[in-house]
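K.L.:
Using only what follows, build the 3D model:
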Amino acid sequence: PGKIKVMGSVKFDIKPVAEEAISQAKAVCAAAGIEQTDMVVIGGSTWPGEELALAQAWKNIAQPNVKLILVPRHMERGDEVERELAEIGVKTIRRSRMKQGTETITPAEDTILMIDTTGELSSMYYCADIVLVGKSVDPNIGGQNMIEPAAIGKPVIVGPHTENFVPVMNSFNANNAIKVLSDISELEGELRELIASTERREALGAAAKAVVDSQRGSLERSAIEIIAKL
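P.N.:
Okay, here's the model as predicted:
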């Protein structure tokens, strides 16, 4: 025990996203008919079942100024996700087709944007007002990285399965800095509450950012210890 030092998670030491990437993300949103005055819900790194649950909740909420962006963890699931959403009457604008210039952009009431490309999630988070982080809702387990949206002050929702991030989640939960659903059935109600309350969104996002800021530095501390032993 005297030779072991716990430095914390280096995941907290994420770098800011480049301004160029953020501008590109905002341009993609604009091209898909998402205006700066809209409220944007993003499903980040979603897994099977989560896209459909989010889309159904969004459709039930049915507020024209509330827009949904889905970013599946695996871009090759784009066709599968598009088919699932079509079955409940939700149309999809796909980023991959926009990039190739083959997508006809006709934003409609029942249209969502799907980012079926790689490397764009971090910048897309800057467009969000509310974020659900995936691989955390049954039948998926483990969780994806909730630190990225939290680091920029976004209110974050996760499901009950975040086993890959136990120490990180302990920090968030201890500071009331994240919303954990006990079941997917709670998703719509939680979204409604956050959509309706600017104060609640801002408080949750500020608490999340404060946790990330307070936990930074483990990478530097680790490097110092390693160098000292050389």
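
K.L.:
Only C-alpha atoms from now on, for both contacts and neighbour counts.
P.N.:
OK.

K.L.:
element containing the spatially closest residue to Ile88 that is not a sequence neighbour, please.
P.N.:
Closest residue to Ile88 apart from its sequence neighbours, by CA to CA, 6 or more residues apart in numbering: Gln56 at 7.5 Å. Assigned by DSSP states H and E, Gln56 falls within helix 50-61.

K.L.:
And that helix, what's buried?
P.N.:
The neighbour-count check on helix 50-61 (16 or more other CA atoms under 10 Å) flags Glu50, Glu51, Leu52, Ala53, Leu54, Ala55, Gln56, Ala57, Trp58, Lys59 as buried.

K.L.:
Quick one: list the elements packing against that helix.
P.N.:
For helix 50-61, the packing partners by 3 or more CA pairs under 8 Å, 6 or more residues apart in numbering; DSSP states H and E come out as strand 66-72, helix 78-87, helix 187-196.

K.L.:
Correct me if wrong: Leu204 contacts Ile152.
P.N.:
No - look at Leu204 against Ile152 with CA atoms under 8 Å: they stay out of range, at 11.6 Å.

K.L.:
Please name every helix or strand in contact with the longest helix along the chain.
P.N.:
Scanning the chain for the helix with the most residues, using DSSP state H, yields helix 198-215. Helix 198-215 sits against helix 147-151, strand 156-158, helix 166-174, helix 187-196, with contacts defined as 3+ CA pairs under 8 Å, 6+ apart.

K.L.:
Report the distance from it to the chain centre.
P.N.:
The chain centre lies 15 Å from the centre of helix 198-215; the measure is CA atoms, centre = their mean, to the nearest Å.

K.L.:
got the angle between that helix and helix 166-174?
P.N.:
Orientation note: helix 198-215 sits at an angle of 140 degrees relative to helix 166-174 (axes from the mean of the first three to the mean of the last three CA atoms, to 10 degrees).

K.L.:
For Gly159, grab phi and psi.
P.N.:
Per-residue torsions, Gly159: phi -80, psi -170 (degrees, to the nearest 10).

K.L.:
low-confidence ranges in this structure?
P.N.:
Along the chain, segments meeting pLDDT under 70 span 100-108.

K.L.:
Now the most centrally placed residue in it, what are its backbone angles?
P.N.:
Most central in the chain under CA atoms, centre = their mean is Gly44, positioned 3.5 Å from the mean C-alpha point. Note on Gly44: its backbone torsions stand at phi -100, psi 130 [degrees, to the nearest 10].

K.L.:
hang on, it packs against Lys135?
P.N.:
No - the criterion here is CA under 8 Å, and Gly44 misses it with Lys135 at 9.2 Å.

K.L.:
I'd say Tyr126 and Ala21 touch.
P.N.:
No - between Tyr126 and Ala21 there is no contact under CA under 8 Å: 9.9 Å.

K.L.:
Now do stretch 205-223: distance to the chain's middle.
P.N.:
Chain-centre distance of stretch 205-223: 18 Å, with CA atoms, centre = their mean.

K.L.:
Actually, stretch 220-230.
P.N.:
Per CA atoms, centre = their mean, the centroid offset for stretch 220-230 relative to its chain is 33 Å.

K.L.:
buried stuff in that stretch?
P.N.:
Ser222.

K.L.:
what about dumping the CA coordinates of it to CSV?
P.N.:
Extracted as CSV, the C-alpha positions of stretch 220-230 are listed here (Å, rounded to 0.1, in the frame of the first residue of the first chain):
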residue,chain,number,x,y,z
GLU,A,220,0.0,15.7,-14.9
ARG,A,221,0.4,14.1,-11.4
SER,A,222,1.0,10.7,-13.0
ALA,A,223,3.6,12.1,-15.3
ILE,A,224,5.4,13.8,-12.4
GLU,A,225,5.5,10.6,-10.4
ILE,A,226,6.8,8.6,-13.4
ILE,A,227,9.5,11.1,-14.3
ALA,A,228,10.6,11.2,-10.6
LYS,A,229,11.3,7.4,-10.8
LEU,A,230,13.4,7.6,-13.9
